[in-house]
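In: Sequence plus predicted model, see below.
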Amino acid sequence: MDQLVLDLTPTPLPGFDNFLAKRNREIISALTDTAGERFIYLWGEPGCGKTHLLQAWIAHAERTGRASIYLDGKAEHLPDFAREASFIAVDHVDDLAPDDQITLFSIYNSLKESGEGRLLMAGRLPPMRLPVRDDLRTRLGWGLVFQVKALSDQDKLAALKQHAAERQLSIPDDVFRYLLTHWRRDLGSLLGVLDTLDRYSLALQRPITVPLVKTLLQTTRSEP
Amino acid sequence: MLILQAERDALLKPLLAVTGIVERRHTLPILSNVLIEKKAGVVSFLATDLEIQITTASPDSLPGEDFRLTTSAKKLQDILRAIPDSTVTLDSQDGGRLVLKAGKSRFNLQTLPADDFPFVAPNGAAESTFSLPQRDLKRLLSQVQFAMAVQDIRYYLNGLLLQTEGDQVRLVSTDGHRLAFAAASHDGDLPKTEVILPRKTILELYKLLQDSDELIQIELLNNQVRFSFGSTVIISKVVDGKFPDYNRVIPLDNDRLFLIERLTFLHALQRAAILANEKFRGVRLVLKNGAMSILCTNSEQEEAEEELEIAYDGGDLEIGFNINYLLDVLTNLPADTLQLAFGDAGRSALFTIPGNSNFKYIVMPMRI
């Protein structure tokens, strides 16, 4: 029988302050510049933090009272009403279905014509190599384009420590190093496994140690 | 030189009040000592582990000169306990020895200089001060202290949240599996403040509080809290951390409700618990309209089953719990009747006292 645990700590919203890679600072200043470019495209390898940036940008827009919407090209069809929002984030552009590419192209054009609103897009590849319609591909390259640089192990270690500190967890350093070498390399998965560890250790009322991590990884490795 | 002559109990009682916090092993040897100080006829005892400091005075004024010394708290306590109730004398001798005599017994003890004793100094002026009868605080503590975590890596769980706001004093504790909330009204307008009191402080305080109308004064200092009651003063550090927002875990839409007699439920659980699994402590509650069954099985496939008639018509539900979490609340709840509110087998259950919003207990189920 497994003890279930109380949901004591809310998951913090992605924010620019917990996206800590210093090398990507110019992206954050471009995203938060109110007078800056309205069309921005981010690209980089999976797990480098694109989704986090998109969601942080949306949270930032909501805090400033803008109608905003986050769309995941991999998981859903782009709804036509999205163009009503003034801050639109489109994730996983390289996975857009042909119909959705048309929708995005039309959203782009209506924003361009209206002279208002902002569009932030992200994908794995630079615009010129994206497997999308020619007209969309050229539009993506017209705005600002940034490569999101992958986090170094040092960055990931710092991110894990910060994540643990936000949850007021005291975890020995060897646990973080173990996770970096034995778990998936992208930060999202690493932070996710830390949350799982948090609940697991709370349910068992045991400290988070390397042996506990090993037990957890053995039981979850079979699941994706 | 004779420095003190007193009845055994005049020394043993205040000594016992402070020695509970003395750690057996400490890197600083003087911390296993108790500081005994006599000033203007009053003998006071003080012990600390650097996190908590307790001082208390003997009730009667005693003749003789002023003095200060420190000696092993544990040994002094064991000696005073072992000797018959009679007059005890303390002699201070050259070379820092202390001689304790009672009847035909004689003990020669080591001392350490009182000037080397590390005090916990109060940190600034009180940010908030309030008093309530010792009995009330003791009752509140008894309703929540059992849900504190033990040595959790989340330091904020190893303690108890003390919150004041307006005319309310609230105590909350949780170990992540269950959460206990108790509140009391207080006449006066208290500022909105909160601190987390360490587990050790709470257990010690609970032990020392009397079941009386005498007041205890509580002062929230900078990163410290001070409790003053009778001749006892406790200064404790507070736990550094943010206590979770307990309101977000109180279930509001649990609609399978019924009332139950506390003792009936408690006794049925106590019987069933005899055959509960020793490691997992699981109990299954099976609700049907009009009845609740309580089922325990252990690793040897032994089974206990209890059935209680209840006024319930919320439909079938089977839900598992750690039986200790149910026994804890039923043992400590100050009411004859309580209300149970369930959602489904994966969601928390809420225990309340009908017509009383000052107590809440939320417990998460076990997956059966």
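Out: The structure has been received and is ready for your questions. This structure is a prediction, so every number in the text was calculated from the model and none was measured.
In: which residues in the chain form helices?
Out: Assuming you mean chain A. Taking DSSP state H as the test, the helices found in chain A are A:25-32, A:50-63, A:98-114, A:134-142, A:153-166, A:173-182, A:187-204, A:210-220.
In: if you could check chain B rather than the one you did, that'd help
Out: Using DSSP H, helices in chain B cover B:8-19, B:73-82, B:134-144, B:199-208, B:262-273, B:323-332.
In: What average pLDDT does the last one get?
Out: Throughout helix B:323-332, pLDDT has a mean value of 97.
In: quick check, it touching chain A?
Out: No. Helix B:323-332 lies out of reach of chain A by CB under 8 Å from any CB of the partner chain, never closer than 9.1 Å. For the C-beta atoms, the positions are set from N, CA and C on the backbone; glycine is no exception.
In: now the angle between helix B:134-144 and that helix, please.
Out: Helix B:323-332 runs at 160 degrees relative to helix B:134-144, counting by axes from the mean of the first three to the mean of the last three CA atoms, to 10 degrees.
In: hang on, the earlier thing: which one, of the helices of chain A, ends up nearest to chain B?
Out: Proximity to chain B, assessed across the helices of chain A by CB to the nearest CB, is greatest for helix A:187-204 (4.1 Å).
In: now the helices of chain B in TSV, with distance to B:Glu300?
Out: Below are these laid out as TSV (distance: least, CB to CB, whole Å):
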stretch	distance to B:Glu300
helix B:8-19	43
helix B:73-82	42
helix B:134-144	35
helix B:199-208	35
helix B:262-273	15
helix B:323-332	17
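In: Just send the ones you listed back as JSON lines, with distance to B:Ser61 and mean neighbour count too.
Out: Output for these, formatted as JSON lines (distance: least, CB to CB, whole Å; neighbours: other CB atoms under 10 Å in any protein chain shown):
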{"stretch": "helix B:8-19", "distance to B:Ser61": "10", "mean neighbour count": "19"}
{"stretch": "helix B:73-82", "distance to B:Ser61": "20", "mean neighbour count": "16"}
{"stretch": "helix B:134-144", "distance to B:Ser61": "24", "mean neighbour count": "20"}
{"stretch": "helix B:199-208", "distance to B:Ser61": "22", "mean neighbour count": "19"}
{"stretch": "helix B:262-273", "distance to B:Ser61": "47", "mean neighbour count": "17"}
{"stretch": "helix B:323-332", "distance to B:Ser61": "39", "mean neighbour count": "20"}
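In: Which of these sits closest to B:Phe67?
Out: helix B:8-19 (13.7 Å; CB to CB).
In: which helices and strands does that closest one pack with?
Out: strand B:33-39, strand B:42-48, strand B:52-57, helix B:73-82, strand B:87-93 (3 or more CB pairs under 8 Å, 6 or more residues apart in numbering or on different chains; DSSP states H and E).
In: tell me which strands and helices the first one is in contact with?
Out: Identification of packing neighbours for strand B:33-39 by 3+ CB pairs under 8 Å, 6+ apart yields helix B:8-19, strand B:42-48, strand B:67-72, helix B:73-82.
In: Just give me how far it sits from the chain centre.
Out: Relative to the centre of its chain, strand B:33-39 is centred 26 Å away, using CA atoms, centre = their mean, to the nearest Å.
In: now it against strand B:52-57, angle please.
Out: 40 degrees.
In: Any buried residues in strand B:33-39, and which?
Out: The neighbour-count check on strand B:33-39 (16 or more other CB atoms under 10 Å in any protein chain shown) flags B:Asn33, B:Val34, B:Leu35, B:Ile36, B:Glu37, B:Lys38 as buried.
In: Just send the helices and strands packed on strand B:33-39 back as JSON lines, with mean pLDDT and distance to B:Ala114 too.
Out: As requested, the helices and strands packed on strand B:33-39 are exported to JSON lines (pLDDT from 0 to 100; distance: least, CB to CB, whole Å):
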{"stretch": "helix B:8-19", "mean pLDDT": "94", "distance to B:Ala114": "15"}
{"stretch": "strand B:42-48", "mean pLDDT": "95", "distance to B:Ala114": "10"}
{"stretch": "strand B:67-72", "mean pLDDT": "95", "distance to B:Ala114": "4"}
{"stretch": "helix B:73-82", "mean pLDDT": "96", "distance to B:Ala114": "14"}
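In: Next, find the distance separating the residue with the largest distance to the centre of chain B from chain A.
Out: In terms of distance from the mean C-alpha position of chain B, B:Asp94 ranks first, at 41.7 Å (CA atoms, centre = their mean). B:Asp94 sits 49 Å away from chain A, going by CB to the nearest CB, to the nearest Å.
In: which stretch among the helices and strands packed on strand B:33-39 comes nearest A:Thr181?
Out: Closest among the helices and strands packed on strand B:33-39, using CB to CB: strand B:42-48, at 43.9 Å.
In: Residue ranges of each domain in the chain, please.
Out: In the absence of a named chain, chain A is used. Domain assignment for chain A by automatic domain parsing gives A:16-147, A:153-220.
In: try chain B instead
Out: If you go by automatic domain parsing, the domain ranges for chain B are B:2-116, B:128-248, B:251-363.
In: From what I see, A:Gln170 and B:Asp152 are in contact.
Out: Quick fix: residue A:170 is Ser, not Gln. No. Applying CB atoms under 8 Å, one finds A:Ser170 not in contact with B:Asp152, separated by 9.6 Å.
In: Those two: which is more packed in?
Out: B:Asp152 (22 against 12; other CB atoms under 10 Å in any protein chain shown).
In: For B:Phe258, see how far away the more buried one is.
Out: Plainly put, B:Asp152 is 33 Å away from B:Phe258 if you go by CB to CB, to the nearest Å.
In: now do A:Leu136
Out: According to CB to CB, A:Leu136 stands 61 Å off from B:Phe258.
In: quick one: which of these two has more around it?
Out: Set A:Leu136 next to B:Phe258 and count neighbours by other CB under 10 Å: A:Leu136 wins out with 21 against 17.
In: Which pLDDT value does the model give that one?
Out: Model confidence at A:Leu136 (pLDDT) stands at 90.
In: pretty sure it contacts A:Pro98?
Out: No. At 10.3 Å, A:Leu136 and A:Pro98 do not qualify as touching, with contact defined as CB under 8 Å.
In: Tell me the residues on the stretch 1-150 of chain B that lie near chain A, please.
Out: Within the stretch 1-150 of chain B, the positions lying close to chain A (CB under 8 Å from any CB) are B:Ala149, B:Val150.
In: mind checking which of the helices of chain B is nearest B:Pro122?
Out: helix B:199-208 (14.9 Å).
In: any low-confidence regions in chain A?
Out: Across chain A, the ranges flagged by pLDDT under 70 are A:12-15, A:17-23, A:221-224.
In: Near chain B, which residues of it are found?
Out: A:1-10, A:167-171, A:201-203, A:205, A:207-208.
In: Now, of these, which are buried?
Out: A:1, A:3-6, A:8-9, A:167-169, A:171, A:201-203, A:205, A:207-208.
In: quick one: average pLDDT of the longest strand seen in chain B?
Out: Among the segments of chain B that qualify as a strand by DSSP state E, the longest is strand B:178-198. The average of the pLDDT scores along strand B:178-198 is 93.
In: From the contact counts, what lies against that strand?
Out: By 3+ CB pairs under 8 Å, 6+ apart, strand B:178-198 packs against strand B:128-133, helix B:134-144, strand B:159-174, strand B:232-237, helix B:323-332, strand B:356-363.
In: So for B:Leu90, which of these sits nearest?
Out: strand B:232-237 (21.8 Å).
In: what's the offset of the closest one from the middle of its chain?
Out: 14 Å.
In: relative to strand B:159-174, how tilted is it?
Out: On the basis of the same axes, to 10 degrees, strand B:232-237 is oriented at 80 degrees to strand B:159-174.
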